[in-house]
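Participant: Here's a sequence, model it:
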Amino acid sequence: MCHKSCVEFVHNNLNKELIESKCVLEVGSRDVNGSVRDYIESLSPSEYIGCDIEAGGGVDEICDVENLVDKYGNNSFDVVISTEMLEHVEDWKSAINNMKDVLKVGGIIIITTRSPGFEKHENPNDYWRFTKRDMEKIFEDYLIIECEDDKQAPGIFIHAIKSSNEKASIDYINVHSMEENNDLDITNFKLAISVPLTFPMVASDFFESFVLMEKGYHIFFRAKGGSIEILRNGLVELAQKHGCTHLIMLDADMYYHFKTIPRLLAHNKDVVGALCFRRCPPFEPFMMKDNEYILDWEKDSLVEVDKTGTGCLLINMKVFDSLKKPYFQTVTDDEGKVIQGEDYNFCDKVKEAGHDIFVDTSVEAEHLSSMRVNTEWFKFWQDLTNKKEEVISHG
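Facilitator: Residues are numbered from 1 along each chain as shown. The predicted structure follows:
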């Protein structure tokens, strides 16, 4: 299955030098509204196999993408092509892993798929939407030659080369689901989306993620000028003035998941945040219980905490009815040294007022710095620290 722009991407990225005498596998090859097969075969591959889950034009063999390794074995093809198939596979991670495994080291993979904003098109099912950022993370273990947005319709194209058989885990990656939270109408909430700005410009990564977030009906508030606690308190007062039911704080040095708002709202909790990490070593997650950082948690779980950050925090407005002003306050000693930030101080007040606080670990808000601090980076730092301690102990 292939659109005009997909065909053009394949033409621009594959030539005779790359295909001649090579073994090519096309996954999801049934010709529904176009195919790249004629072009690829004109480049003289040694073998061209088109596989799909059902028979049809362009299909040589029936094979589910999740069974590629079982059928063809590891390191079997020089080129793997998949156009407009990935969004239709329920277990997309298994699909990616199988395509990676059947590809030889040094081999080429070409994938085109749809991005958020593309309408649902069940053929027979339509599960996922992928962004450029998603694809860059999925193929971080490959040498990425091209990764670009479809200029014709919301979609993403990638051309990458397998650099080794060492495969990075993609278990931590969450992409845009077409199925989740369908029972949640986020228009039922009067949401205040609040961005405190302590600097005049924002990162392009923040801007991109903010624009693409599912927001539903909302009122946008931006506060600028003044200390962070003054900005946060001002945003709360604006939300109260406009009769909002919920407020979400979104700091401008983060990269947000598309489904952040509906996922957090779906929990129906007084206070619930996304999983965020400190952006400097040792990159701890902003999750504390009994004054200790929570360093291990069940994947995609809802974790009850005593303290979390306010970089991405959803608050039911009724919480503020039980708190005294100022809601956010930085605590300092007699010399002006910060003892506690306004975020943890707010959490203490919330807990004292009898409200619970949660973090949804399936929703990551990546902290922007010179690198993107997320679960994978935190785990890497933990492993590095543990290995350093092992070396020291064995002196």
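
Participant: For the stretch 101-250 of the chain, just list every one of the helices.
Facilitator: 132-138, 204-212, 228-241 (DSSP state H, counting those that start in this stretch).

Participant: Could you export those to JSON lines, including columns for mean neighbour count, mean pLDDT and distance to residue 109?
Facilitator: In this view, the C-beta of every residue, glycine as well, is placed from N, C-alpha and C. As requested, the helices of the stretch 101-250 of the chain are exported to JSON lines (neighbours: other C-beta atoms under 10 Å; pLDDT from 0 to 100; distance: least, C-beta to C-beta, whole Å):
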{"stretch": "helix 132-138", "mean neighbour count": "20", "mean pLDDT": "91", "distance to residue 109": "11"}
{"stretch": "helix 204-212", "mean neighbour count": "16", "mean pLDDT": "92", "distance to residue 109": "25"}
{"stretch": "helix 228-241", "mean neighbour count": "19", "mean pLDDT": "95", "distance to residue 109": "44"}
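
Participant: now these as CSV including distance to residue 380?
Facilitator: Formatted as CSV, the helices of the stretch 101-250 of the chain follow (distance: least, C-beta to C-beta, whole Å):
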stretch, distance to residue 380
helix 132-138, 14
helix 204-212, 20
helix 228-241, 29
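
Participant: looking at those helices, which is closest to residue 389?
Facilitator: Shortest distance between residue 389 and those, using C-beta to C-beta, is found for helix 132-138: 28.6 Å.

Participant: shaky segments in the stretch 201-350 of the chain?
Facilitator: Within the stretch 201-350 of the chain, no range satisfies pLDDT under 70.

Participant: Can you name the residues that contact residue 167?
Facilitator: Each residue near residue 167 by C-beta atoms under 8 Å, 6 or more residues apart in numbering is listed here: 97, 100, 101, 141.

Participant: how close does residue 369 get to residue 255?
Facilitator: Separation of residue 369 from residue 255 (C-beta to C-beta, to the nearest Å) stands at 11 Å.

Participant: Tell me which of the two has more neighbours.
Facilitator: When residue 369 and residue 255 are compared for neighbours, residue 255 comes out ahead with 20 against 15, by other C-beta atoms under 10 Å.

Participant: thinking in terms of the whole chain, how far from its middle is whichever helix or strand the more buried one is part of?
Facilitator: Under the criterion of DSSP states H and E, residue 255 resides in strand 254-256. Centroid displacement of strand 254-256 relative to its chain, using C-alpha atoms, centre = their mean, to the nearest Å, is 9 Å.

Participant: from what I can see residue 377 touches residue 284, true?
Facilitator: No: at 11.7 Å, residue 377 does not count as touching residue 284 under the criterion of C-beta atoms under 8 Å.

Participant: Give the residues shared as contacts by these two.
Facilitator: Joint contacts of residue 377 and residue 284 (C-beta under 8 Å, 6+ apart) are residue 277.

Participant: what's the burial count for residue 121?
Facilitator: So residue 121, with other C-beta under 10 Å, has 12 neighbours.

Participant: Please give me every residue in contact with it.
Facilitator: Under the criterion of C-beta under 8 Å, 6+ apart, residue 121 has no neighbours.

Participant: please begin residue numbering at 796 from this point
Facilitator: That works, and once the first residue is 796, the last one we named lands at residue 916.

Participant: ok, longest helix in the chain?
Facilitator: helix 1170-1188 (DSSP state H).

Participant: Output it as PDB, restricted to C-alpha atoms.
Facilitator: Taking Å, rounded to 0.1, in the frame of the first residue of the first chain, the C-alpha atoms of helix 1170-1188 are listed here in PDB:
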ATOM      1  CA  THR A1170      13.800   7.000  31.200                       C
ATOM      2  CA  GLU A1171      16.400   5.500  28.900                       C
ATOM      3  CA  TRP A1172      18.900   8.200  29.800                       C
ATOM      4  CA  PHE A1173      18.200   7.800  33.500                       C
ATOM      5  CA  LYS A1174      18.700   4.000  33.300                       C
ATOM      6  CA  PHE A1175      21.900   4.500  31.300                       C
ATOM      7  CA  TRP A1176      23.300   6.800  34.000                       C
ATOM      8  CA  GLN A1177      22.300   4.300  36.700                       C
ATOM      9  CA  ASP A1178      24.200   1.500  34.900                       C
ATOM     10  CA  LEU A1179      27.200   3.800  34.300                       C
ATOM     11  CA  THR A1180      27.300   4.700  38.000                       C
ATOM     12  CA  ASN A1181      26.900   1.100  39.100                       C
ATOM     13  CA  LYS A1182      29.800   0.000  36.800                       C
ATOM     14  CA  LYS A1183      32.000   2.800  38.200                       C
ATOM     15  CA  GLU A1184      31.300   1.600  41.700                       C
ATOM     16  CA  GLU A1185      32.200  -2.000  40.700                       C
ATOM     17  CA  VAL A1186      35.500  -0.800  39.300                       C
ATOM     18  CA  ILE A1187      36.300   1.100  42.400                       C
ATOM     19  CA  SER A1188      35.400  -1.800  44.700                       C
END
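
Participant: in what helix or strand does the residue sitting furthest away from the middle of the chain lie?
Facilitator: Computed with C-alpha atoms, centre = their mean, the residue of the chain farthest from its C-alpha average is residue 1129, at 42.7 Å. Here residue 1129, judged by DSSP H and E, is contained in no helix and no strand.

Participant: Strands of the stretch 796-945 of the chain, start to end?
Facilitator: 818-822, 842-847, 856-857, 872-878, 898-909, 923-924, 937-944 (DSSP state E, counting those that start in this stretch).

Participant: just to revisit the earlier point, of the contacts of residue 962, which is the most crowded?
Facilitator: residue 895 (24 neighbours).

Participant: and the gap between that residue and residue 933?
Facilitator: Counting by C-beta to C-beta, the gap from residue 895 to residue 933 is 9 Å.

Participant: Now the closest residue to residue 994 other than its chain neighbours: which helix or strand?
Facilitator: Once flanking residues are discounted, residue 994 sits nearest to residue 1047: 7.7 Å by C-beta to C-beta, 6 or more residues apart in numbering. Element membership for residue 1047 (DSSP H and E) is empty, with no helix or strand holding it.

Participant: So what's the residue count around residue 1047?
Facilitator: 18.

Participant: I appreciate the help and will end here.
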